[in-house]
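Visitor: I'll drop the sequence and a predicted model, then ask my questions.
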Amino acid sequence: MSRFESPWFLAALIVVPLLTAAYLRWVRPRRAYLQFSSLRLLHDARPTLRQRLHPLPVVLRVIALLLLILALARPQSGVSSTTVESEGIDIILALDISGSMLAVDMMPESRGATRRDVSRLDVSKRAAREFIEGRVTDRIGLVVFAGHALTQCPPTVDYPVLLRFLDEVEVGQIDDGTAIGTALVTAVNRLRDSEAKSRVVVLLTDGANNAGTVDPITAAKVAKALAVKLYTIGAGREENARFPVETFFGRQYVRQHSPIDETTLKKIAEIGGGRYFRATSPEKLTEIYEEIGEMERTRIETKQYVEYSELAHGLVLPAFALLLLEGLLFHVVLRRVP
């Protein structure tokens, strides 16, 4: 980054061509000269190096004048630095990995989309990945739960590591069940000592609390007491979902009823100062995470500083050197006889 601190001095550059024109028009023709009756004898004479260098002092003087004018304009070079100040948010994603998350019922809404047998868990992991990739400076952690809950990844800003842990999540790594209350307590406990301006838990499940030792409503009250905001998401459609079953003839799908306890999830969100959402398709789940992301937006302030250094001395010294050289050439090397 560069600039001129006193750019109005650049207007003096117009003087340079005017002085050059005046020199060529009036000064140079008035120099003394000798008259000869005939120059026939000098017809074949070639100019010497000294004669060729006669215009050099004038050229040096013009260049020196240009450099001095530029130096008066005070050219400066700047180095910019940026300071980012942010009020980060600590977020825990609590993800249900019970057996019912293998159900295949969250199909794409668009007609042209390929309808593949993608489970609720796969859809949920993909939406969580997009949510994580859309954050900037927030610390995000991952809690998974089924019959009990465990911390898959503590809150971190190392998103690549977090995404690797997310990719490793699968049904069966925890005893089956749906311990919503235990999952909430585990997630809130991860945020208990956080000094972030905002602390959030986003819990996604497709069932009802049927395991664990903590009641979901009690867990929500604990979160409220610790100023942790709660968002809940119910994943899956209303009708009976297709569940994969391994048989002698390979994988088959059977219809099973998989009710979501929306009443409890709404109550949890209400106590925790958040909202409840229902996701029935990949597009809807992506929209839900985007909406949560908009409500929990990180406040970032960027301040830019520029430190300038003077460059004028790099022009003044060459200008004086050129004037000194011009004087030596004009008065010594290229001196003219009056």
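Guide: Alright, I've got the coordinates.
Visitor: quick one: contacts for Leu166?
Guide: The contact partners of Leu166, taken as Cβ atoms under 8 Å, 6 or more residues apart in numbering, are 125, 128-129, 132, 142, 152-153. All C-beta atoms are positioned from the backbone trio N, CA, C, and that covers glycine.
Visitor: By neighbours, which of those wins?
Guide: Leu142 (25 neighbours; other Cβ atoms under 10 Å).
Visitor: Report the secondary structure element holding that residue.
Guide: Leu142 is part of strand 139-145 when elements are defined by DSSP states H and E.
Visitor: mind listing the strands for the stretch 201-338 of the chain?
Guide: 229-235, 241-247, 250-256, 276-279, 299-310 (DSSP state E, counting those that start in this stretch).
Visitor: now could you export just the CA positions of the shortest one as CSV?
Guide: Listed next in CSV are the C-alpha coordinates belonging to strand 276-279 (Å, rounded to 0.1, in the frame of the first residue of the first chain):
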residue,chain,number,x,y,z
TYR,A,276,-38.3,-26.4,18.7
PHE,A,277,-38.1,-27.4,15.0
ARG,A,278,-39.4,-30.4,13.1
ALA,A,279,-37.2,-31.7,10.2
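Visitor: Can you tell me what sits against it?
Guide: Contacting residues not belonging to strand 276-279 are listed as 106, 127, 204, 231-236, 260, 262, 265-266, 268-270, 284-285, 288, 291-292 [Cβ under 8 Å, 6+ apart].
Visitor: Run the chain-centre distance for it.
Guide: With Cα atoms, centre = their mean, to the nearest Å as the basis, strand 276-279 stands 30 Å off its chain's centre.
Visitor: Also the second one?
Guide: Using Cα atoms, centre = their mean, we find the averaged C-alpha position of strand 241-247 to lie 43 Å away from the chain's own average C-alpha position.
Visitor: how big is the angle separating it from strand 250-256?
Guide: Orientation of strand 241-247 against strand 250-256 (axes from the mean of the first three to the mean of the last three Cα atoms, to 10 degrees) gives an angle of 140 degrees.
Visitor: Run through who's touching strand 241-247.
Guide: 100, 102-105, 117, 119, 251-256, 258.
Visitor: at 10 Å instead, please
Guide: 99-100, 102-106, 117, 119-120, 206, 251-258 (Cβ atoms under 10 Å, 6 or more residues apart in numbering).
Visitor: Now the buried members of those.
Guide: For the contacts of strand 241-247, a burial check counting by 16 or more other Cβ atoms under 10 Å picks out 100, 102-106, 119-120, 206, 258.
Visitor: Counting only helices, which of these make the cut?
Guide: Judged by DSSP state H, helices contain the following of these: Arg120.
Visitor: so which of the buried ones among the contacts of strand 241-247 comes closest to Ala64?
Guide: Nearest to Ala64, judged by Cβ to Cβ, of the buried ones among the contacts of strand 241-247 is Met106 at 77.6 Å.
Visitor: Give me whichever of the strands of the stretch 201-338 of the chain is most buried.
Guide: strand 229-235 (a mean of 26; mean count of other Cβ atoms under 10 Å).
Visitor: Off-centre distance for that one?
Guide: Centre to centre, stretch against its chain (Cα atoms, centre = their mean), the figure for strand 229-235 is 28 Å.
Visitor: Strand partners (parallel or antiparallel) of it?
Guide: If you go by DSSP bridges, strand 229-235 pairs up with strand 198-205 (parallel), strand 276-279 (parallel).
Visitor: quick one, which of those strands is nearest to His313?
Guide: strand 198-205 (51.9 Å).
Visitor: Let me see the mean pLDDT of the closest one.
Guide: For strand 198-205, the mean per-residue pLDDT is 94.
Visitor: Kindly calculate the angle that that strand makes with strand 139-145.
Guide: Per the same axes, to 10 degrees, the angle that strand 198-205 makes with strand 139-145 is 30 degrees.
Visitor: Any buried residues in strand 198-205, and which?
Guide: 198-205.
Visitor: about what we covered before: would you turn the strands of the stretch 201-338 of the chain into JSON lines with mean pLDDT?
Guide: Listed next are the strands of the stretch 201-338 of the chain as JSON lines, based on pLDDT from 0 to 100:
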{"stretch": "strand 229-235", "mean pLDDT": "95"}
{"stretch": "strand 241-247", "mean pLDDT": "74"}
{"stretch": "strand 250-256", "mean pLDDT": "72"}
{"stretch": "strand 276-279", "mean pLDDT": "94"}
{"stretch": "strand 299-310", "mean pLDDT": "67"}
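Visitor: Adding distance to Arg61, write those strands out as TSV.
Guide: Formatted as TSV, these follow (distance: least, Cβ to Cβ, whole Å):
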stretch	distance to Arg61
strand 229-235	75
strand 241-247	91
strand 250-256	92
strand 276-279	79
strand 299-310	25
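Visitor: what's the closest of the ones you listed to Ile92?
Guide: The nearest among these, by Cβ to Cβ, is strand 229-235 at 10.1 Å.
Visitor: Please tell me how far the most centrally placed residue in the chain sits from Ser194.
Guide: In the chain, the residue lying closest to the centroid (Cα atoms, centre = their mean) is Val136, at 7.4 Å. Separation of Val136 from Ser194 (Cβ to Cβ, to the nearest Å): 17 Å.
Visitor: List the strands paired with the strand holding Leu142, with their directions.
Guide: Sheet pairing for strand 139-145, using DSSP bridges, gives strand 89-96 (parallel), strand 149-156 (antiparallel).
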